[in-house]
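Enquirer: Fold the following and give me the result.
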Amino acid sequence: MKIIHFVCLLAFIGFSNIVDAQFSVSGKIIDSASGDPLPGASVYCHNTTIGTASNKQGEFSLQMKAGGYDLIVTYTDYQTRLIRVSGDTSNLIIPMVKQEKNMEEVVVRSSNEVKDGWEKYGSFFVEHFIGATPNAALCKILNPDVLKFYFYKKSNKLKVLADSAIQIENKALGYRLRYELDSFVYYYKTDINIYRGYCLYTEMDGTGQEKKTWNTNRAKAYYGSKLHFMRSYYDSTLAEDGFTIDMLDENSDTKFIPVKDPYDTAYYSGLDSTMEIEIWYPRKISISYLKKRPEPEYIKKFGLPKNVGSQISYVDLNDAIAIKENGYYYDQKDWINQGYWSWKNLADQLPYDYEPPE
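Expert: Numbers count the residues shown, from 1 in each chain. Next comes the predicted model:
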(Lines give C-alpha, C1' and ligand atoms only; values in the text may rest on other atoms or scores of the structure.)
Protein backbone atom coordinates (compact mmCIF):
# COMPACT_ATOMS: atom_id res chain seq x y z
CA MET A 1 0.00 0.00 0.00
CA LYS A 2 1.30 3.45 -0.84
CA ILE A 3 2.06 5.78 2.05
CA ILE A 4 1.10 9.43 1.96
CA HIS A 5 3.13 11.54 4.35
CA PHE A 6 1.00 13.19 7.02
CA VAL A 7 1.44 16.91 7.45
CA CYS A 8 0.13 18.47 10.64
CA LEU A 9 -2.36 21.31 10.79
CA LEU A 10 0.36 23.79 11.69
CA ALA A 11 1.38 23.85 8.05
CA PHE A 12 -2.03 25.22 7.15
CA ILE A 13 -2.00 27.91 9.83
CA GLY A 14 1.13 29.47 8.42
CA PHE A 15 -0.41 29.84 4.98
CA SER A 16 -4.07 30.58 5.69
CA ASN A 17 -3.67 34.24 4.72
CA ILE A 18 -2.72 33.55 1.07
CA VAL A 19 -6.20 32.83 -0.25
CA ASP A 20 -6.23 35.52 -2.91
CA ALA A 21 -2.51 35.52 -3.63
CA GLN A 22 -1.14 36.00 -7.11
CA PHE A 23 2.29 35.36 -8.53
CA SER A 24 4.29 36.17 -11.64
CA VAL A 25 6.54 34.23 -13.96
CA SER A 26 9.03 35.96 -16.25
CA GLY A 27 11.97 34.88 -18.33
CA LYS A 28 13.61 34.62 -21.72
CA ILE A 29 13.21 32.18 -24.61
CA ILE A 30 16.44 31.30 -26.43
CA ASP A 31 17.78 28.89 -29.04
CA SER A 32 19.52 26.04 -27.19
CA ALA A 33 22.46 25.92 -29.63
CA SER A 34 23.22 29.56 -30.34
CA GLY A 35 21.74 31.24 -27.27
CA ASP A 36 19.99 33.75 -29.54
CA PRO A 37 16.64 35.10 -28.31
CA LEU A 38 13.48 33.76 -29.97
CA PRO A 39 10.97 36.58 -30.51
CA GLY A 40 7.31 35.72 -31.00
CA ALA A 41 7.43 32.43 -29.09
CA SER A 42 4.04 31.42 -27.70
CA VAL A 43 4.06 31.27 -23.88
CA TYR A 44 0.92 30.26 -22.02
CA CYS A 45 -0.46 28.28 -19.12
CA HIS A 46 -2.13 25.10 -20.29
CA ASN A 47 -5.90 25.01 -19.94
CA THR A 48 -6.20 28.69 -18.99
CA THR A 49 -6.85 32.09 -20.59
CA ILE A 50 -3.34 33.19 -19.55
CA GLY A 51 -0.88 33.63 -22.40
CA THR A 52 1.48 35.97 -24.22
CA ALA A 53 4.27 36.05 -26.82
CA SER A 54 7.94 36.76 -26.25
CA ASN A 55 9.18 40.20 -27.34
CA LYS A 56 12.11 41.03 -29.67
CA GLN A 57 14.54 40.12 -26.90
CA GLY A 58 12.77 36.79 -26.32
CA GLU A 59 11.44 38.03 -22.99
CA PHE A 60 8.00 37.37 -21.48
CA SER A 61 6.05 37.98 -18.29
CA LEU A 62 2.79 36.45 -17.00
CA GLN A 63 0.56 37.09 -13.98
CA MET A 64 -1.61 34.32 -12.53
CA LYS A 65 -3.76 33.49 -9.52
CA ALA A 66 -2.53 31.18 -6.77
CA GLY A 67 -2.43 27.54 -7.79
CA GLY A 68 -0.50 25.30 -10.13
CA TYR A 69 0.03 25.53 -13.88
CA ASP A 70 1.83 23.88 -16.76
CA LEU A 71 3.73 26.64 -18.55
CA ILE A 72 3.87 25.79 -22.25
CA VAL A 73 6.37 27.31 -24.69
CA THR A 74 6.05 26.67 -28.44
CA TYR A 75 7.99 27.97 -31.42
CA THR A 76 7.81 26.89 -35.06
CA ASP A 77 10.19 24.00 -35.85
CA TYR A 78 11.20 23.65 -32.19
CA GLN A 79 10.24 21.07 -29.56
CA THR A 80 7.50 22.15 -27.18
CA ARG A 81 8.62 22.86 -23.60
CA LEU A 82 6.56 22.24 -20.47
CA ILE A 83 7.53 23.75 -17.12
CA ARG A 84 5.45 23.29 -13.95
CA VAL A 85 5.03 26.56 -12.02
CA SER A 86 3.26 27.42 -8.78
CA GLY A 87 5.02 30.48 -7.37
CA ASP A 88 6.99 33.61 -8.25
CA THR A 89 9.68 32.80 -10.79
CA SER A 90 11.86 35.44 -12.44
CA ASN A 91 14.78 35.43 -14.88
CA LEU A 92 13.75 32.00 -16.15
CA ILE A 93 15.91 30.98 -19.12
CA ILE A 94 14.12 28.54 -21.43
CA PRO A 95 16.33 27.00 -24.14
CA MET A 96 14.38 25.64 -27.11
CA VAL A 97 15.66 22.62 -29.06
CA LYS A 98 15.12 22.40 -32.81
CA GLN A 99 12.81 19.65 -33.96
CA GLU A 100 14.56 16.92 -35.91
CA LYS A 101 12.48 14.87 -38.32
CA ASN A 102 12.85 11.13 -38.08
CA MET A 103 12.77 9.96 -41.70
CA GLU A 104 11.75 6.41 -40.74
CA GLU A 105 8.77 7.79 -38.83
CA VAL A 106 7.85 10.04 -41.78
CA VAL A 107 7.81 7.02 -44.11
CA VAL A 108 5.67 4.97 -41.71
CA ARG A 109 3.18 7.80 -41.32
CA SER A 110 3.03 8.39 -45.06
CA SER A 111 2.20 4.74 -45.74
CA ASN A 112 -0.63 4.76 -43.19
CA GLU A 113 -2.10 8.19 -43.90
CA VAL A 114 -5.75 8.28 -44.97
CA LYS A 115 -5.85 10.78 -47.84
CA ASP A 116 -9.53 11.66 -47.36
CA GLY A 117 -9.19 11.46 -43.59
CA TRP A 118 -11.45 14.36 -42.63
CA GLU A 119 -14.27 13.15 -44.86
CA LYS A 120 -13.96 9.61 -43.53
CA TYR A 121 -13.13 10.16 -39.87
CA GLY A 122 -13.89 13.84 -39.16
CA SER A 123 -17.25 13.32 -37.43
CA PHE A 124 -15.88 10.36 -35.47
CA PHE A 125 -12.89 12.40 -34.29
CA VAL A 126 -15.06 15.37 -33.27
CA GLU A 127 -17.37 13.11 -31.24
CA HIS A 128 -14.49 11.59 -29.26
CA PHE A 129 -12.30 14.70 -28.99
CA ILE A 130 -14.78 17.57 -28.58
CA GLY A 131 -17.68 15.41 -27.40
CA ALA A 132 -21.26 14.42 -28.11
CA THR A 133 -22.96 16.55 -25.46
CA PRO A 134 -25.39 19.46 -26.06
CA ASN A 135 -22.44 21.86 -25.68
CA ALA A 136 -20.46 19.90 -28.28
CA ALA A 137 -23.21 20.56 -30.82
CA LEU A 138 -22.31 24.26 -30.58
CA CYS A 139 -18.58 23.71 -31.15
CA LYS A 140 -16.75 23.87 -34.47
CA ILE A 141 -13.22 23.15 -35.64
CA LEU A 142 -12.32 26.16 -37.77
CA ASN A 143 -9.25 24.69 -39.52
CA PRO A 144 -9.85 20.97 -40.13
CA ASP A 145 -7.22 21.02 -42.88
CA VAL A 146 -4.44 20.89 -40.24
CA LEU A 147 -5.55 17.40 -39.16
CA LYS A 148 -3.86 14.28 -40.52
CA PHE A 149 -5.47 10.86 -40.07
CA TYR A 150 -3.59 7.57 -39.91
CA PHE A 151 -5.15 4.11 -39.75
CA TYR A 152 -3.05 1.17 -38.57
CA LYS A 153 -4.71 -2.03 -39.74
CA LYS A 154 -2.49 -4.44 -37.81
CA SER A 155 -3.21 -2.83 -34.42
CA ASN A 156 -6.69 -1.67 -35.49
CA LYS A 157 -6.27 1.89 -34.29
CA LEU A 158 -6.82 5.40 -35.60
CA LYS A 159 -4.22 8.10 -34.94
CA VAL A 160 -4.76 11.80 -35.52
CA LEU A 161 -1.98 14.41 -35.61
CA ALA A 162 -2.04 18.12 -36.44
CA ASP A 163 0.36 20.23 -38.54
CA SER A 164 -0.40 23.25 -36.35
CA ALA A 165 -2.71 24.27 -33.52
CA ILE A 166 -6.37 23.29 -33.87
CA GLN A 167 -8.63 26.36 -33.71
CA ILE A 168 -11.96 25.60 -32.01
CA GLU A 169 -14.95 27.86 -31.46
CA ASN A 170 -17.18 26.96 -28.51
CA LYS A 171 -20.39 28.96 -28.85
CA ALA A 172 -21.93 27.18 -25.85
CA LEU A 173 -19.38 28.49 -23.32
CA GLY A 174 -18.09 31.54 -25.20
CA TYR A 175 -14.47 30.48 -25.69
CA ARG A 176 -12.09 30.13 -28.59
CA LEU A 177 -9.59 27.35 -28.03
CA ARG A 178 -6.14 26.94 -29.54
CA TYR A 179 -5.31 23.30 -29.00
CA GLU A 180 -1.75 22.08 -29.65
CA LEU A 181 -2.54 18.42 -30.32
CA ASP A 182 0.29 16.06 -29.49
CA SER A 183 -1.71 13.02 -30.59
CA PHE A 184 -5.15 11.43 -30.55
CA VAL A 185 -5.39 7.63 -30.65
CA TYR A 186 -8.54 5.52 -30.78
CA TYR A 187 -8.32 1.76 -30.18
CA TYR A 188 -11.19 -0.03 -31.92
CA LYS A 189 -10.67 -3.29 -30.02
CA THR A 190 -11.31 -1.71 -26.63
CA ASP A 191 -13.37 1.35 -27.63
CA ILE A 192 -10.89 3.54 -25.74
CA ASN A 193 -9.36 6.80 -26.92
CA ILE A 194 -6.43 8.76 -25.52
CA TYR A 195 -5.47 12.28 -26.50
CA ARG A 196 -2.77 14.62 -25.28
CA GLY A 197 -2.08 18.25 -25.95
CA TYR A 198 -2.03 21.80 -24.62
CA CYS A 199 -4.84 24.31 -24.77
CA LEU A 200 -5.11 28.10 -24.52
CA TYR A 201 -8.56 29.62 -24.01
CA THR A 202 -9.62 33.06 -25.23
CA GLU A 203 -12.85 34.81 -24.25
CA MET A 204 -15.16 35.39 -27.20
CA ASP A 205 -16.70 38.80 -27.86
CA GLY A 206 -20.47 38.86 -27.64
CA THR A 207 -23.58 40.84 -26.89
CA GLY A 208 -24.80 41.34 -23.36
CA GLN A 209 -27.33 38.55 -23.79
CA GLU A 210 -24.73 36.18 -25.24
CA LYS A 211 -22.39 36.81 -22.32
CA LYS A 212 -25.23 36.18 -19.87
CA THR A 213 -25.98 32.87 -21.60
CA TRP A 214 -22.29 31.90 -21.58
CA ASN A 215 -22.00 32.67 -17.87
CA THR A 216 -25.03 30.48 -17.17
CA ASN A 217 -23.69 27.64 -19.29
CA ARG A 218 -20.22 27.88 -17.71
CA ALA A 219 -21.67 27.59 -14.22
CA LYS A 220 -23.75 24.62 -15.31
CA ALA A 221 -20.65 22.96 -16.78
CA TYR A 222 -18.61 23.69 -13.65
CA TYR A 223 -20.81 22.25 -10.91
CA GLY A 224 -20.18 18.53 -10.67
CA SER A 225 -17.16 18.68 -12.98
CA LYS A 226 -13.72 17.23 -12.26
CA LEU A 227 -12.45 20.80 -11.76
CA HIS A 228 -15.17 21.37 -9.13
CA PHE A 229 -14.27 18.07 -7.44
CA MET A 230 -10.54 18.91 -7.25
CA ARG A 231 -11.23 22.32 -5.72
CA SER A 232 -13.71 20.82 -3.25
CA TYR A 233 -11.17 18.22 -2.13
CA TYR A 234 -8.58 20.97 -1.71
CA ASP A 235 -11.01 23.10 0.32
CA SER A 236 -12.24 20.10 2.40
CA THR A 237 -15.82 20.75 1.28
CA LEU A 238 -16.64 17.53 -0.60
CA ALA A 239 -19.79 16.70 1.37
CA GLU A 240 -21.08 20.29 1.39
CA ASP A 241 -20.53 20.57 -2.34
CA GLY A 242 -22.40 17.34 -3.06
CA PHE A 243 -19.62 14.81 -3.69
CA THR A 244 -19.36 11.30 -2.23
CA ILE A 245 -16.64 8.71 -2.80
CA ASP A 246 -16.94 4.91 -2.81
CA MET A 247 -14.05 2.47 -3.24
CA LEU A 248 -14.08 -0.96 -4.83
CA ASP A 249 -14.17 -3.75 -2.24
CA GLU A 250 -10.84 -5.57 -2.18
CA ASN A 251 -12.72 -8.89 -2.37
CA SER A 252 -15.06 -7.94 -5.22
CA ASP A 253 -14.85 -6.69 -8.81
CA THR A 254 -18.25 -4.97 -8.66
CA LYS A 255 -19.06 -3.97 -5.08
CA PHE A 256 -18.20 -0.43 -3.96
CA ILE A 257 -17.96 0.52 -0.28
CA PRO A 258 -18.61 4.11 0.90
CA VAL A 259 -15.50 6.01 1.98
CA LYS A 260 -16.73 7.46 5.27
CA ASP A 261 -13.86 9.90 5.69
CA PRO A 262 -12.08 10.99 2.47
CA TYR A 263 -9.71 13.02 4.69
CA ASP A 264 -8.43 9.94 6.47
CA THR A 265 -4.63 9.87 6.25
CA ALA A 266 -4.86 6.51 4.46
CA TYR A 267 -6.15 8.45 1.43
CA TYR A 268 -5.25 12.09 2.06
CA SER A 269 -2.31 14.27 3.01
CA GLY A 270 -3.21 17.78 4.14
CA LEU A 271 -1.91 21.16 3.03
CA ASP A 272 1.88 21.41 3.15
CA SER A 273 4.55 24.02 2.49
CA THR A 274 4.07 23.64 -1.27
CA MET A 275 0.41 24.68 -0.88
CA GLU A 276 -0.92 21.40 -2.22
CA ILE A 277 -2.75 18.35 -0.94
CA GLU A 278 -2.16 14.77 -2.01
CA ILE A 279 -4.66 11.94 -2.46
CA TRP A 280 -4.28 8.23 -3.14
CA TYR A 281 -6.75 5.36 -3.43
CA PRO A 282 -5.37 1.83 -3.89
CA ARG A 283 -8.42 0.59 -5.81
CA LYS A 284 -10.93 2.01 -8.29
CA ILE A 285 -13.22 4.67 -6.84
CA SER A 286 -16.62 5.94 -7.87
CA ILE A 287 -17.31 9.64 -7.43
CA SER A 288 -20.95 10.71 -7.25
CA TYR A 289 -22.25 14.23 -7.60
CA LEU A 290 -25.58 14.24 -5.80
CA LYS A 291 -26.85 17.70 -6.70
CA LYS A 292 -27.58 17.03 -10.40
CA ARG A 293 -28.91 14.19 -12.49
CA PRO A 294 -27.05 13.07 -15.62
CA GLU A 295 -28.10 14.80 -18.81
CA PRO A 296 -30.78 12.94 -20.84
CA GLU A 297 -28.31 12.46 -23.71
CA TYR A 298 -25.95 10.56 -21.40
CA ILE A 299 -28.74 8.35 -20.06
CA LYS A 300 -29.91 7.56 -23.58
CA LYS A 301 -26.42 6.85 -24.96
CA PHE A 302 -25.57 4.34 -22.23
CA GLY A 303 -29.05 2.87 -21.82
CA LEU A 304 -29.39 3.86 -18.16
CA PRO A 305 -32.65 3.96 -16.20
CA LYS A 306 -34.39 7.31 -16.52
CA ASN A 307 -34.57 7.69 -12.74
CA VAL A 308 -30.78 7.78 -12.21
CA GLY A 309 -30.44 10.45 -9.55
CA SER A 310 -26.76 11.43 -9.61
CA GLN A 311 -23.76 11.82 -11.89
CA ILE A 312 -21.30 8.96 -11.33
CA SER A 313 -17.71 8.80 -12.55
CA TYR A 314 -15.15 6.05 -12.02
CA VAL A 315 -11.46 6.70 -11.49
CA ASP A 316 -8.32 4.57 -11.35
CA LEU A 317 -5.23 6.15 -9.81
CA ASN A 318 -1.89 4.81 -11.02
CA ASP A 319 -0.11 6.83 -8.34
CA ALA A 320 -0.83 9.49 -5.74
CA ILE A 321 -1.76 12.88 -7.22
CA ALA A 322 -1.12 16.37 -5.88
CA ILE A 323 -3.87 19.01 -6.10
CA LYS A 324 -3.38 22.77 -6.13
CA GLU A 325 -5.77 25.52 -5.01
CA ASN A 326 -7.09 26.25 -8.51
CA GLY A 327 -7.94 22.59 -9.18
CA TYR A 328 -4.78 21.84 -11.15
CA TYR A 329 -3.41 18.37 -10.38
CA TYR A 330 -0.44 16.24 -11.33
CA ASP A 331 0.62 13.91 -12.71
CA GLN A 332 -2.45 13.98 -14.89
CA LYS A 333 -1.49 10.75 -16.65
CA ASP A 334 -2.04 8.93 -13.34
CA TRP A 335 -5.75 9.84 -13.23
CA ILE A 336 -7.91 7.66 -15.52
CA ASN A 337 -11.59 8.55 -16.01
CA GLN A 338 -14.55 6.38 -16.84
CA GLY A 339 -18.26 7.06 -16.59
CA TYR A 340 -19.77 10.54 -16.61
CA TRP A 341 -16.55 12.58 -16.67
CA SER A 342 -15.20 10.55 -19.59
CA TRP A 343 -18.31 11.60 -21.56
CA LYS A 344 -17.48 15.24 -20.89
CA ASN A 345 -14.78 16.09 -23.39
CA LEU A 346 -13.35 19.40 -24.62
CA ALA A 347 -16.73 21.07 -25.24
CA ASP A 348 -17.60 20.95 -21.52
CA GLN A 349 -14.24 21.77 -19.98
CA LEU A 350 -13.37 25.07 -18.33
CA PRO A 351 -10.00 26.79 -17.85
CA TYR A 352 -8.20 26.61 -14.50
CA ASP A 353 -8.65 30.36 -14.01
CA TYR A 354 -12.46 30.10 -14.25
CA GLU A 355 -14.35 31.17 -11.12
CA PRO A 356 -18.09 30.42 -10.74
CA PRO A 357 -20.46 33.22 -9.70
CA GLU A 358 -20.97 33.46 -5.96
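Enquirer: Sketch out the low-pLDDT regions of this protein for me.
Expert: 1-20, 101-109 (pLDDT under 70).
Enquirer: Please repeat the previous calculation with a cut-off of 90.
Expert: In the predicted model, the chain carries pLDDT under 90 at residues 1-21, 87, 99-112, 115, 190-194, 270-274, 306, 337, 358.
Enquirer: Find the nearest non-adjacent residue to residue 50, please.
Expert: Leaving aside its sequence neighbours, residue 50 sits nearest to residue 64 (Cβ to Cβ, 6 or more residues apart in numbering; 5.4 Å). Any C-beta I mention is one placed from the backbone N, CA and C, and that applies to glycine too.
Enquirer: Any chance you could list what contacts the one helix or strand the one you found maps to?
Expert: Using DSSP states H and E, the element containing residue 64 is strand 59-65. With contacts defined as Cβ atoms under 8 Å, 6 or more residues apart in numbering, strand 59-65 is touched by 20-29, 37, 41, 43-45, 48, 50-54, 71, 326, 353.
Enquirer: Are any of these buried, and if so which?
Expert: Buried members of those, scored by 16 or more other Cβ atoms under 10 Å, are 23, 25, 27-29, 37, 41, 43-45, 48, 50-51, 54, 71, 326, 353.
Enquirer: quick one: residue 234 is in a helix?
Expert: Yes. Under DSSP: H, G, I helix; E, B strand; the rest coil, residue 234 falls within a helix.
Enquirer: Relative to residue 314, how far out is it?
Expert: For residue 234, the distance to residue 314 (Cβ to Cβ, to the nearest Å) stands at 21 Å.
Enquirer: Over to residue 356: give its phi and psi.
Expert: Main-chain torsions, residue 356, degrees, to the nearest 10: phi -70, psi 160.
Enquirer: again, but for residue 262
Expert: Torsion angles at residue 262 (phi, psi; degrees, to the nearest 10) stand at phi -70, psi -10.
Enquirer: returning to what we had before: residue 234 and residue 314 - which one has more neighbours?
Expert: For residue 234 versus residue 314, neighbours defined as other Cβ atoms under 10 Å are more numerous around residue 234 (22 against 18).
Enquirer: ok, that one to residue 297 distance?
Expert: 30 Å.
Enquirer: Tell me where the protein has helices.
Expert: Listed in chain order, the helices of the chain (DSSP state H) span 10-13, 103-112, 117-129, 208-222, 226-235, 238-241, 296-301, 340-343.
Enquirer: and residue 195, which of those is closest to it?
Expert: Smallest distance to residue 195 across the helices of the chain (Cβ to Cβ): 6.1 Å, for helix 117-129.
Enquirer: quick one: stretch 50-58 to chain centroid distance?
Expert: Here stretch 50-58 is found 24 Å from its chain centre; the criterion is Cα atoms, centre = their mean, to the nearest Å.
Enquirer: Pull the residues that contact that stretch.
Expert: Outside stretch 50-58, the residues within contact range by Cβ under 8 Å, 6+ apart are 28-30, 36-45, 60-64, 69, 200, 353.
Enquirer: List the contacts of the residue nearest the centre of the chain.
Expert: By Cα atoms, centre = their mean, the chain has its centre lying nearest to residue 47, at 6.3 Å. Neighbour list for residue 47: 70, 198, 199, 201, 349, 351, 352 [criterion: Cβ under 8 Å, 6+ apart].
Enquirer: Could you do residue 125 as well?
Expert: Under the criterion of Cβ under 8 Å, 6+ apart, the contact list for residue 125 reads 147, 149, 158, 160, 184.
Enquirer: Inside strands: which ones of the residues you listed?
Expert: Among the contacts of residue 125, the residues falling in strands (DSSP state E) are 147, 149, 158, 160, 184.
Enquirer: ok, which pair from the residues you listed is furthest apart?
Expert: Greatest spatial distance among these (Cβ to Cβ): 147 and 158, at 11.6 Å.
Enquirer: residues contacting the closest residue to residue 221 other than its chain neighbours?
Expert: The shortest distance from residue 221 to any non-neighbouring residue, by Cβ to Cβ, 6+ apart, is to residue 348 (5.0 Å). Taking Cβ under 8 Å, 6+ apart, we find residue 348 in contact with 131, 133, 135, 136, 173, 221, 225.
Enquirer: Quick check: phi and psi on the third one?
Expert: This points to residue 135. Dihedral angles (degrees, to the nearest 10) for residue 135: phi -70, psi -40.
Enquirer: Counting neighbours, what do you get for the residue nearest to residue 247 when sequence neighbours are not counted?
Expert: Distances taken as Cβ to Cβ, 6+ apart put residue 285 closest to residue 247, at 5.0 Å, once the chain neighbours are dropped. Residues lying near residue 285 (other Cβ under 10 Å) number 20.
Enquirer: my guess is residue 285 meets residue 244, correct?
Expert: No. Judged on Cβ atoms under 8 Å, residue 285 makes no contact with residue 244 at a distance of 10.3 Å.
Enquirer: who touches both of these two?
Expert: Shared contacts of residue 285 and residue 244 (Cβ under 8 Å, 6+ apart): residue 259.
Enquirer: Quick one: mark the members of the contacts of strand 59-65 that sit in strands.
Expert: 22-29, 43-45, 51-53, 71.
Enquirer: Quick check: the farthest pair among those?
Expert: The span of those, defined through Cβ to Cβ, is set by 22 and 29 at 22.7 Å.
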